[in-house]
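Participant: A structural model of the following input is requested.
(2 chains, ligands or ions: 2)
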Amino acid sequence: MRLPPREAAINIRGLRKAFSGQPVYSGFDLDVRRGDILAIFGPNGCGKSTLINMAAGLLARDGGEILYDGREVGEVRIGYVFQNYREALFPWRRAADNVRYPLRLQGLPRAAAEARLEALAAMFRVRFDLNRYPYELSGGQQQLVSIMRALAVEPEVLFLDEPFSALDFETTLSLRALLQQVLKELRVTTILVSHDLEESIVLADRLLMLTRRPTTVAADVPVPLPWPRGTEVLSHPDFVAIKARCLSVFEQAVAA
Amino acid sequence: MRAAVAPALGALGFVLFWQVAVWLRVADPVLLPAPAEAFRDTWQAFAGGTLAHDTWRTVQRTALSFAIATAIGVPLGVALGAQERLYRGVEFVVDFFRSTPASALFPLFLILFGPGEGTKVAVAAFGAALVILFNAAYGVINARRTRVLAARVMGASSARILRDVLVWEAMPQILVGMRAGVSLALVIVVVAEMFIGSTDGLGHRVINAQMLFESGLMYGAIFVAGALGYGLNLLFLMAEKRFVHWAGR
Ligand SMILES: Nc1ncnc2c1ncn2[C@@H]1O[C@H](COP(=O)(O)OP(=O)(O)OP(=O)(O)O)[C@@H](O)[C@H]1O
Ligand SMILES: [Mg+2]
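Facilitator: Ligands and ions are numbered 1, 2, ... in the order given. Next up is the predicted model:
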């Protein structure tokens, strides 16, 4: 899928990466449309985290380019939500101070930072006390704080690496509902790595299924379901059809 | 309240054991006085001001060497830990001197600092600084990678990451190092007071009382030194709990 430059938020061309001689990516291309939520689904070790870490500028690439509307990652505001919120939040700062931290880094005036914090808390309908330390919060609340921290600077691109995998089903459902609402409201371009096929379809405008190493695209599936998507979407005929298609791709290409 | 019962019983048992040993005449009464007698001698020495002065001097020397060790060990350890390759280079030297008994360094330091106060404080500071440095460096090296990445992706510079993440990540380990360092400083100061021309300090008092057969006072000085070490350890444990409330959670 080639996109005209103005529409694309991310252009990845000829991406190469190997670990100790073993290639993960050898000439990988991807374009992500502005405002889209792209879900990436693939087997363990196929390089999903590697891809978004390179895109977020956390990992050096061996070759190829990753451009954001023509700019390098250093010139772009990035949000990143890690899988393990316990190891990603700063436990020596209160939850609110964790969210304020990126704003402080940006040199935002105090009043503006407070306004932003309040806006985020309202957007995510936070009902717990943000003046607690992360370890005093539940797992779902901690991951919510991580998401607020990532969105604090109004990122142009948001990366989420299996953000719900450590949470129970109920928490996942409510956090998912909040997240899709906020992302669609803010129109943030998002790449979501997920191990859950159903979740990938529900949350995404487009689903990328990857193969085992060396990693290629097994299927690139648009998900034109209407927003917002509640639990009722799970029985929507289009959803069922997309899921069936993905499962057959998975059985052929990924599991083979 | 209940937490204090078991230690109190233990201490009581120890004193009883001592008293029984005196009754059974396990040792010459000149060498092993009754607990009450040792306590009385100690109390008199305290009231007379000499033992209190010795304790104060030992505390002063320990505090001074600990302060020097912290001022050098923490920043240097953090800086070395942040440059892991550099730390690997000096690791052997740090480990070597950390494993060298500090008492073996007295002659060397005597040459460098002369037979006065300088040597006592310098050897203690040297020993404690290595322990503190080593712990601080390891604290930084073992910082959670994810937190560093999180700060970087938010746009923090290396200097900010050092200040906002690495130092905090290392804080529990730094405090462990400081606790070990203050204990070591006390040990070295007391030994130095025994053997390096001293006129005061708990170490001096212990060896002086032994030579004058004032065994009640000798035991007293030993127990004061023990109480000091125990108290310092407890103080640092409490500080750790309060200050690094997030550790292990
Ligand atoms: N620092 C590294 N050194 C060596 N090999 C690495 C390193 N990081 C990742 N790999 C390898 O690269 C491959 C891709 O890793 P990556 O973490 O991107 O997989 P993933 O798709 O995110 O897997 P998972 O679903 O388990 O999170 C794996 O086979 C992994 O072993
Ligand atoms: Mg991964």
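
Participant: For residue B:76, which non-adjacent residue is spatially closest?
Facilitator: Excluding its sequence neighbours, the residue lying closest to residue B:76 (Cβ to Cβ, 6 or more residues apart in numbering or on different chains) is residue B:133, at 5.4 Å. Quick note: C-beta positions are derived from backbone N, CA and C, even for glycine.

Participant: Look at that neighbour and tell me its secondary structure.
Facilitator: Per DSSP: H, G, I helix; E, B strand; the rest coil, the local secondary structure of residue B:133 is helix.

Participant: What is the burial count for residue A:173?
Facilitator: Residue A:173 has 16 neighbours, counted by other Cβ atoms under 10 Å in any protein chain shown.

Participant: Could you list the low-pLDDT ranges of the chain?
Facilitator: If you meant another chain, say so; for now it's chain A. For chain A, applying pLDDT under 70 flags the ranges A:1-6, A:254-256.

Participant: Chain B is the one I meant
Facilitator: B:1.

Participant: Chain A contacts on that one?
Facilitator: Contact residues, chain B versus chain A (Cβ under 8 Å from any Cβ of the partner chain): B:144, B:146-147, B:149-150, B:152-156, B:160, B:164-165, B:168, B:171, B:244-246, B:249.

Participant: for the one residue in the stretch 151-256 of chain A that gets nearest to chain B, what are its contacts?
Facilitator: At 7.3 Å from chain B, residue A:153 is the closest residue in the stretch 151-256 of chain A, using Cβ to the nearest Cβ. Residue A:153 makes contact with A:77, A:79, A:102-103, A:106, B:154-155, according to Cβ atoms under 8 Å, 6 or more residues apart in numbering or on different chains.

Participant: try it again with 7 Å
Facilitator: A:77, A:79, A:102-103, A:106 (Cβ atoms under 7 Å, 6 or more residues apart in numbering or on different chains).

Participant: Can you tell me which of the residues you listed end up in strands?
Facilitator: If you go by DSSP state E, those have residue A:79 in strands.

Participant: Nearest to residue B:232 among the contacts of residue A:153?
Facilitator: residue A:102 (40.3 Å; Cβ to Cβ).

Participant: can you tell me how far the closest one sits from residue A:87?
Facilitator: Taking Cβ to Cβ, to the nearest Å as the measure, residue A:102 falls 17 Å from residue A:87.

Participant: what do you get for residue A:227?
Facilitator: For residue A:227 relative to residue A:87 (Cβ to Cβ), the value is 32 Å.

Participant: For these two, indicate the residue with more neighbours.
Facilitator: For residue A:227 versus residue A:87, neighbours defined as other Cβ under 10 Å are more numerous around residue A:87 (14 against 11).

Participant: doesn't residue B:203 make contact with residue B:193?
Facilitator: Yes: between residue B:193 and residue B:203 there is a contact at 3.0 Å, judged by Cβ atoms under 7 Å.

Participant: which residues touch stretch A:65-81?
Facilitator: Under the contact criterion Cβ under 7 Å, 6+ apart, stretch A:65-81 has outside partners A:9-13, A:15, A:54-57, A:146-147, A:150-151, A:153-161, A:163, B:153.

Participant: Of these, just the buried ones, PyMOL syntax please.
Facilitator: The buried residues among the contacts of stretch A:65-81 can be selected in PyMOL (16 or more other Cβ atoms under 10 Å in any protein chain shown) with this line:
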select buried, (chain A and resi 9+10+11+12+15+54+55+56+57+146+147+150+151+153+155+156+157+158+159+160+161+163) or (chain B and resi 153)
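
Participant: Show me where chain B has its helices.
Facilitator: Assigned by DSSP state H, chain B shows helices spanning B:2-23, B:35-48, B:50-82, B:84-99, B:106-113, B:117-141, B:145-153, B:158-161, B:167-195, B:202-211, B:215-243.

Participant: Ligand 1: which of those is closest?
Facilitator: Ranking those by proximity to ligand 1 (Cβ to the nearest ligand atom) places helix B:145-153 first, at 10.2 Å.

Participant: Now do the buried residues in the closest one.
Facilitator: Buried-residue list, helix B:145-153, by 16+ other Cβ under 10 Å: B:146-153.

Participant: Quick one: check that helix for contact with ligand 1.
Facilitator: No: Helix B:145-153 does not reach ligand 1 (Cβ under 6 Å from any ligand atom); its nearest approach is 10.2 Å.

Participant: And for stretch A:158-168?
Facilitator: No: counting by Cβ under 6 Å from any ligand atom, ligand 1 has no neighbours in stretch A:158-168; the shortest distance is 6.6 Å.

Participant: how about the closest residue to residue B:232 other than its chain neighbours, what does it touch?
Facilitator: Nearest residue to residue B:232, sequence neighbours excluded (Cβ to Cβ, 6+ apart): residue B:182, at 5.2 Å. The contact partners of residue B:182, by Cβ under 7 Å, 6+ apart, come to B:62, B:66, B:128, B:232, B:236.

Participant: before we move on, the earlier item: out of the helices of chain B, deepest packed?
Facilitator: The highest mean neighbour count among the helices of chain B, using mean count of other Cβ atoms under 10 Å in any protein chain shown, belongs to helix B:117-141: a mean of 25.

Participant: how distant is it from the center of its chain?
Facilitator: Relative to its chain's centre, helix B:117-141 lies at 11 Å (Cα atoms, centre = their mean, to the nearest Å).

Participant: what's the answer for stretch B:59-69, then?
Facilitator: 9 Å.

Participant: residues contacting residue 165?
Facilitator: If you meant another chain, say so; for now it's chain A. A:83, A:195.

Participant: could you do chain B instead?
Facilitator: B:143, B:147-148, B:151.

Participant: Can you tell me the SS state at residue A:207?
Facilitator: Quick answer, by three-state DSSP: residue A:207 is strand.

Participant: Kindly report the same for residue A:226.
Facilitator: coil.

Participant: What distance do you get for it to residue B:14?
Facilitator: From residue A:226 to residue B:14 the distance is 78 Å (Cβ to Cβ).

Participant: now do residue B:169
Facilitator: From residue B:169 to residue B:14 the distance is 41 Å (Cβ to Cβ).
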